[in-house]
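>>> Next input, structure requested:
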Amino acid sequence: MTERYVMSIDQGTTSTRCILFDHGGRLVSVAQREHRQHFPKPGWVEHDPLEIWRNLERIAPEALAQAGATADQVVAVGIANQRETTVLWDRLTGVPVGRAIVWQDTRTAALVDELARAPGAAAVPGRSGLPLATYFSAPRVRWRLDHTPGLRERAERGEVLFGTMESWLIWNLSGGVDGGVHVTDVTNASRTLLMDLRTLAWDDDLLAFFGVPRAMLPEIRSSSETYGTARKVFPGVRIGAALGDQQAALFGQTCFAPGETKCTYGTGAFLLMNTGTAPVRSANGLLTTVGYKIGDEPAVYALEGSIAITGALVQWFRDGLGLITTAPEIETLARAVDDNGGCYIVPAFSGLFAPHWRGEARGVIVGLTSYITKHHLARAVLEATGWQTREVVDAMNRDSGLGLRELKADGGMTSDNLLMQIVADVLNVPVARPMVVETVSLGAAYAAGLAVGYWAGLEGLRRNWHRAARWVPAMDPGRRAAEYDNWRRAVERTFGWIRAEDGDPADR
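The predicted structure follows:
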């Protein structure tokens, strides 16, 4: 019998990958290609959409060749993508209008400040689930319309299309200028500031507030359904799923029940908690977002907490301070001591994300004495990730009322066993790492496979999830409380560091 597979396209911030999965959810092959990061001005971050499309055309055959497979053995393709990155392109030529504006880009800061003072600003979070911030797509679309002569008129006529990366790739895969399908899924649409969280539809008042023409928007579809058939790269293969990368990781970790939570630890960290079929509004600095939607079933919502600096702190310890030569060395260094010696590092390198959202905060090291060595500093680096996770989990528990029972962890930092033990200790819940750590890609594959009947249902996907490692709490409750209090006092010392009249020294 000929083996059948699902192909996952993971279009990330630094690279695009194609991964082939079999029916057991096992990784069969992977091909990857990086794309260039463009920084034309301070705070500007851009990607070339055409480069990303060409990379996909190259790596898809590589992934098939590695497995000795052909396109007719692929039952469906699913896409996971960097969220909020904004692409505008010409419907008739397929040529992008400038480069894609990446989710990290902050050029819209002045526009966001202006919008925050405009009538109707107070209603935006209630409808979209998101705060007015440079992080999301709508201000980027508005910026491009405002700064490209004649673009708004063309957009109003439907000659210019907008999409996040999955929309761009689906449009090209399904034919591009020759009948390409212009769609997005609810998870990506929920990151634009333009979709009503309850109706799952583009909202006329939000469109008017941001000045975005409806004619340029993709059709909003579920995360798992057949959008169309590929005419390029995978001719004849059904395109069956699209999810934002962090929602894809939630799905790949099989967090299908309310309260189930995953955290992806990379340069930063992203926690998502499944909150069920009703959106939970946060009063504690979290984002309300769509977790996933399977076909005609009700949407499942999530609370999200974003931590800006986790793995990036280890990189700074290596590259900025030169105290280690490779990232894994930090675990060896930190294991040489039993505690942090009273030292705490709060990595607010460019402000704090959830749950504080303090853009003026800057990093601090507190508690330094002559007793402190590089070993204590290394431990404080790892503990910073643990305590930042604790802050977000506490906010999630307060908002949802569900109570975290176990954290499913993935991402590159989960290879650090001491870090995972620290996270379990500070959360006082077990932490589990799955056998397949490529949870973003796996989630997109699962959703695509469900759409075409390759997998029968969610319970079958749960049976595919296998634990590789588990850490259980071992910290004394009194010590945990005291250390958390010290951490929170350290965080307070980061606030108010950048004053409006001074500006940021990094910009001088």
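
>>> element containing the residue minimising distance to the centre of the chain?
Central residue check for the chain by CA atoms, centre = their mean: the C-alpha nearest the mean position is that of residue 246, 4.0 Å away. Here residue 246, judged by DSSP states H and E, is contained in helix 245-252.

>>> Neighbouring strands - and their directions - for the helix or strand that that helix is followed by?
The helix or strand immediately downstream of helix 245-252 is strand 261-265, counting by DSSP H and E. Strand 261-265 has the following strand partners under DSSP bridges: strand 269-276 (antiparallel), strand 407-410 (parallel).

>>> List the contacts of stretch 372-379.
Contact with stretch 372-379 is made by 317, 323-324, 330, 333-334, 336-337, 339-343, 345, 365, as judged by CB atoms under 8 Å, 6 or more residues apart in numbering. Bear in mind the C-beta positions are built from the backbone N, C-alpha and C, glycine included.

>>> Now it: buried residues?
372, 374-379 (16 or more other CB atoms under 10 Å).

>>> Just checking the distance from that stretch to the centre of its chain.
31 Å (CA atoms, centre = their mean, to the nearest Å).

>>> Dump it to PDB, keeping only the CA atoms.
Extracted C-alpha coordinates of stretch 372-379, given in PDB (Å, rounded to 0.1, in the frame of the first residue of the first chain):
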ATOM      1  CA  ILE A 372      27.800  36.800  42.800                       C
ATOM      2  CA  THR A 373      29.700  34.800  40.200                       C
ATOM      3  CA  LYS A 374      28.900  34.000  36.600                       C
ATOM      4  CA  HIS A 375      27.300  30.900  37.800                       C
ATOM      5  CA  HIS A 376      24.700  32.800  39.800                       C
ATOM      6  CA  LEU A 377      24.200  35.100  36.800                       C
ATOM      7  CA  ALA A 378      23.600  32.100  34.600                       C
ATOM      8  CA  ARG A 379      21.000  30.800  37.000                       C
END
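
>>> can you offset everything so residue one is 57?
Okay, residue one is now 57; in that scheme the one you just asked about reads as stretch 428-435.

>>> helix/strand/coil for the closest residue to residue 391 other than its chain neighbours?
Residue nearest to residue 391 in three dimensions, not counting chain neighbours: residue 474, with 5.9 Å by CB to CB, 6 or more residues apart in numbering. Recorded secondary structure, residue 474: helix (DSSP: H, G, I helix; E, B strand; the rest coil).

>>> quick one: the biggest helix by length in the chain to strand 325-332, angle?
With secondary structure taken from DSSP state H, the chain has its longest helix at helix 430-456. Comparing the axes of helix 430-456 and strand 325-332 via axes from the mean of the first three to the mean of the last three CA atoms, to 10 degrees yields an angle of 20 degrees.

>>> average pLDDT for helix 430-456?
If you average the pLDDT over helix 430-456, you get 96.

>>> buried ones in it?
Counting neighbours by 16+ other CB under 10 Å, helix 430-456 gives 430-453, 455-456 as buried.

>>> where does this protein dip in pLDDT?
Counting by pLDDT under 70, the chain contains low-confidence ranges at 57, 555-564.

>>> Tell me the residue in it that is farthest from the middle.
In the chain, counting by CA atoms, centre = their mean, residue 426 sits farthest out from the average C-alpha position, at 40.0 Å.

>>> So residue 365 is in contact with residue 403, correct?
Yes - the pair residue 365 / residue 403 is scored as a contact, 3.9 Å apart, by CB atoms under 8 Å.

>>> shared neighbours of these two, which are they?
Counting by CB under 8 Å, 6+ apart, the common neighbours of residue 365 and residue 403 are 419, 440.

>>> what does stretch 199-206 rub up against?
The contact list for stretch 199-206, computed with CB under 8 Å, 6+ apart, reads 142, 144, 153-154, 157, 163-164, 167, 207-208, 211, 267-268.

>>> State the pair within these that is farthest apart.
Taking CB to CB, the two most distant members of the contacts of stretch 199-206 are 163 and 211; they sit 19.0 Å apart.

>>> How far away from the center of its chain is stretch 210-217?
With CA atoms, centre = their mean, you get 29 Å for stretch 210-217.

>>> residues contacting residue 405?
Counting by CB under 8 Å, 6+ apart, residue 405 has contacts 364-365, 368, 372, 418-419.

>>> what about 10 Å?
Residue 405 makes contact with 364-365, 368-369, 372, 376, 417-419, 562 under the criterion CB atoms under 10 Å, 6 or more residues apart in numbering.

>>> Kindly report the same for residue 180.
Residues near residue 180 by CB under 10 Å, 6+ apart: 171-172, 174, 186-188, 192, 194, 249-250, 259, 261-262, 265-266.

>>> Tell me which two in the residues you listed are the farthest apart.
For the contacts of residue 180, the farthest-apart pair by CB to CB is 172 and 259; their separation is 18.1 Å.

>>> more crowded one of the two?
More neighbours surround residue 259 than the other of residue 172 and residue 259, with 19 against 13 (other CB atoms under 10 Å).

>>> Surely that one touches residue 251?
Yes - with contact defined as CB atoms under 10 Å, residue 259 and residue 251 form a contacting pair (6.5 Å).

>>> what residues are shared contacts of those two?
Common neighbours of residue 259 and residue 251 (CB under 10 Å, 6+ apart) are 183-184.

>>> quick revisit: among the contacts of residue 405, the buried ones, what's the ChimeraX command?
Buried residues within these, by 16+ other CB under 10 Å, are selected in ChimeraX with:
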select :364,365,369,372,417,418,419
